[in-house]
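In: Give me a 3D structure for the following:
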Amino acid sequence: MTNLLTVLPDFDTQPYSHILPSLEKASISTADLLTLDAFDIAKRAQVPPHGVKKLCTALLEGLQASLTLHMTQADDKNNDAAANNVANTSHAISTLDDELNAKLGGGIAAGELTELVGESAAGKTQFLLSLLLAVQLHPPHGPGKSALYISTEAPLQTPRLSQILQTNSKIQDLSPDQRPSLNRVQSTHIHDLEAQDHILRYQVPVAIKRHDVGLLIIDSIAANYRPEFDKGNVRKTAAESFIKRSNQVTQLGKLLRDLARIHGIAVVVANQVSDRFAFEPPGQVPISQQTQRSRPASPPQAVPMTGTMSQHVTSQTPTAPQSLLTTDDPLALDHQQRFFTGWGDDANVSNPKTPSLGLAWTNQLATRIALLKEPQYEMKAYKPGEESNVSGWKRTLKIVFSSQSAASSTEFEIVQGGVKAVRKKEDDS
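Out: Residues are numbered from 1 along each chain as shown. Below you'll find the model as predicted:
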């Protein structure tokens, strides 16, 4: 029994002092007491079986008590760590508008990867600039930390950022010593995927600790992928490029999620969109081919003016497919993407889009926010030199999916102080 006190240092051996020397002489180990029958051990060591049974029972109870104590301590440590993590990530980053914050469940959540997706001039950069200032607000308005802005297209718009800082009502209501500052916004510009990977892996973690960063923004996440995978012979390497890009996108998503989780910061990326191609059901003749086939090779024959004239004309006129954007097959991507892209579930949208980087990137996100814009037309007389009668744009913030809030949408507008929800006018009646 030389290893008994090694296994259980606090075990009381006094009640079993009369059998322990015999067990030691017979080379009975602690494992033997836990696994072998007490009568066999007693016979082997030539000691009373009753004493061996009591020792085995006491040994088992001691191990259970020790295991429970260690598990409780470990759980306490894990709970403390979880509580600290929650404490570090509990401050959501405001959009500087109360109604938009309410739609987003308090704002942009820390510790997660969030995407703002939309076409050009939809308002993505305006949202991001507001977040760069809002993250600096002190509790309970924000985490009171710095921001890191990584651009892959246009550099940081400091004049616009300064305008938001000077005109936003929430910021102006604060005392001068509590207002955000442009000095707490760190920015850099990257041009290719190799530099992007190096900065995110090695320089960003150092910058987060050195500058007390609470928000990381990448604008935009897809810009460096397009020129990278458009190189070379597309016909020969299309499949290989797709697989390679999917792997790189998955690794990028994991890297950003780890940065958000480990450091307790919010990671927000802007993403571009592309036009969604029309879905043509099997057997459906493309419209272009229908147009060509509809052109007669010789003058058409005269048709008698009878009651079947309209039927004859209808049968010869090409018709467009009933559904060009969706399919009824529930397993098809064209059917499912309406639930996670932000476009396709609204029949009023005439020009649906698809977020860049595909399904592999979508699976990395905790929240996707789509920014949609629709032109608003006005009836007016045509004037020479005018290209269109568009009077403005209707912009909508749509929560496609989120870990913090339910799917919803609200109209917003861009103002001097950033972005704000459009308040609906109440009817006088």
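
In: Need the phi and psi values for residue 148.
Out: phi -120, psi 120 (degrees, to the nearest 10).

In: That one and residue 211 touch, don't they?
Out: Yes: the criterion here is C-beta atoms under 8 Å, and residue 148 meets it with residue 211 at 7.3 Å. Every residue, glycine included, has its C-beta placed from N, CA and C.

In: what about those two, which has more around it?
Out: residue 148 (24 against 15; other C-beta atoms under 10 Å).

In: could you measure the more buried one against residue 337, distance?
Out: 32 Å (C-beta to C-beta, to the nearest Å).

In: need the next SSE after the helix or strand where residue 249 lies, C-terminal direction.
Out: Element membership for residue 249 (DSSP states H and E) is helix 234-263. Remark: after helix 234-263, the chain's next helix or strand is strand 266-271, criterion DSSP H and E.

In: Just give me how far whichever helix or strand comes after that next one sits from the chain centre.
Out: Sequence order places strand 273-275 as the next helix or strand after strand 266-271, per DSSP H and E. Taking C-alpha atoms, centre = their mean, to the nearest Å, one finds the center of strand 273-275 at 19 Å from the center of the full chain.

In: How about strand 273-275, which residues are buried there?
Out: residue 273 (16 or more other C-beta atoms under 10 Å).

In: Let's test this: mean pLDDT of that strand, rounded?
Out: Averaged over strand 273-275, pLDDT sits at 86.

In: Give me the contact list for it.
Out: Defining contact as C-beta atoms under 8 Å, 6 or more residues apart in numbering, one finds that strand 273-275 is touched by 117, 118, 119, 351, 352, 353, 354, 355, 356.

In: Could you rerun that using 10 Å?
Out: 117-120, 122, 222, 226, 341-343, 351-356, 370-372 (C-beta atoms under 10 Å, 6 or more residues apart in numbering).

In: before we move on, what about stretch 192-199?
Out: 150, 152, 188-190, 203-204, 207, 218, 221, 223-225, 227-229, 245, 248, 251-252, 255.

In: for it, which positions count as buried?
Out: So for stretch 192-199, counting by 16+ other C-beta under 10 Å, buried means 193, 196, 197.

In: ditto for stretch 264-277
Out: So, applying 16+ other C-beta under 10 Å, buried residues of stretch 264-277: 264, 265, 266, 267, 268, 269, 270, 271, 272, 273, 276.

In: chain center to stretch 9-28: distance?
Out: 60 Å.

In: Which parts of the stretch 301-429 of the chain are helices?
Out: For the stretch 301-429 of the chain, helices defined by DSSP state H, counting those that start in this stretch occupy the ranges 309-316, 333-336, 358-362.

In: Quick check: the gap between the nearest residue to residue 53 once chain neighbours are set aside and residue 7.
Out: Closest residue to residue 53 apart from its sequence neighbours, by C-beta to C-beta, 6 or more residues apart in numbering: residue 38 at 4.5 Å. Using C-beta to C-beta, residue 38 is found at 18 Å from residue 7.

In: Equivalent analysis for residue 215, please.
Out: Relative to residue 7, residue 215 is positioned 51 Å away (criterion: C-beta to C-beta).

In: again with residue 254
Out: 41 Å.

In: Have a look at those two and say which one is more surrounded.
Out: In terms of neighbours (other C-beta under 10 Å), residue 7 is the more surrounded of residue 254 and residue 7; the figures are 16 against 12.

In: Against residue 35, how distant is the closest residue to residue 259 other than its chain neighbours?
Out: Taking C-beta to C-beta, 6+ apart, and ignoring the residues beside it in sequence, residue 259 has residue 267 as its nearest neighbour in space, at 6.0 Å. From residue 267 across to residue 35, the span is 52 Å (C-beta to C-beta).

In: Ramachandran coordinates for residue 185?
Out: phi -110, psi 110.

In: do residue 203 as well
Out: phi -90, psi -40.

In: wait, it sits on residue 209?
Out: No: using C-beta atoms under 10 Å, residue 203 is not in contact with residue 209, being 11.4 Å away.

In: out of those two, which sits in the more crowded spot?
Out: It is residue 203, of residue 203 and residue 209, that has more neighbours when counted by other C-beta under 10 Å, with 14 against 9.

In: so who does the more buried one touch?
Out: 148, 150, 188, 195.

In: Check these and tell me the two furthest apart.
Out: The span of these, defined through C-beta to C-beta, is set by 148 and 195 at 15.3 Å.

In: wait, the residue nearest to residue 259 sits on residue 217?
Out: Yes: in this structure, residue 267 is within contact of residue 217 by C-beta under 10 Å, at 8.0 Å.

In: follow-up on the earlier one: and the contacts of strand 273-275, which of them are buried?
Out: Looks like the contacts of strand 273-275 have 117-119, 122, 222, 341-343, 352-356, 370-372 buried, using 16+ other C-beta under 10 Å.

In: Point out the least confident one among the residues you listed.
Out: The lowest pLDDT within the buried ones among the contacts of strand 273-275 belongs to residue 352, with 80.

In: so where is the protein shaky, pLDDT-wise?
Out: Where the chain drops to pLDDT under 70, the residues are 1-3, 6, 66-91, 226-239, 277-328, 346-350, 382-383, 385-388, 425-429.

In: Spatially central residue for it, please.
Out: With distances taken as C-alpha atoms, centre = their mean, residue 365 lies nearest the centre of the chain, 1.9 Å away.

In: Next, count neighbours for the closest residue in space to residue 25 that isn't next to it in sequence.
Out: Among residues not flanking residue 25 along the chain, residue 45 sits closest, at 7.3 Å (C-beta to C-beta, 6+ apart). For residue 45, the neighbour count with other C-beta under 10 Å is 20.

In: can you check residue 153 too?
Out: Other residues close to residue 153 by other C-beta under 10 Å number 14.

In: now residue 245
Out: Counted with other C-beta under 10 Å, the neighbours of residue 245 add up to 18.

In: Quick one: classify the closest residue in space to residue 365 that isn't next to it in sequence as helix, strand or coil.
Out: Spatially, and ignoring its direct neighbours in sequence, residue 365 is nearest to residue 115 (5.2 Å; C-beta to C-beta, 6+ apart). Following DSSP: H, G, I helix; E, B strand; the rest coil, residue 115 is assigned to strand.

In: does residue 115 really touch residue 364, like I thought?
Out: Yes: between residue 115 and residue 364 a contact is recorded at 8.9 Å, counting by C-beta under 10 Å.

In: Comparing these two, which residue is more hemmed in?
Out: residue 115 (26 against 19).

In: how close does that one sit to residue 108?
Out: In terms of C-beta to C-beta, residue 115 sits 11 Å off from residue 108.

In: got any residues that touch both of the two?
Out: What both residue 115 and residue 108 touch, as defined by C-beta under 10 Å, 6+ apart, is the set 267, 268, 367, 369.

In: I'm done for today, thanks for sticking with me.
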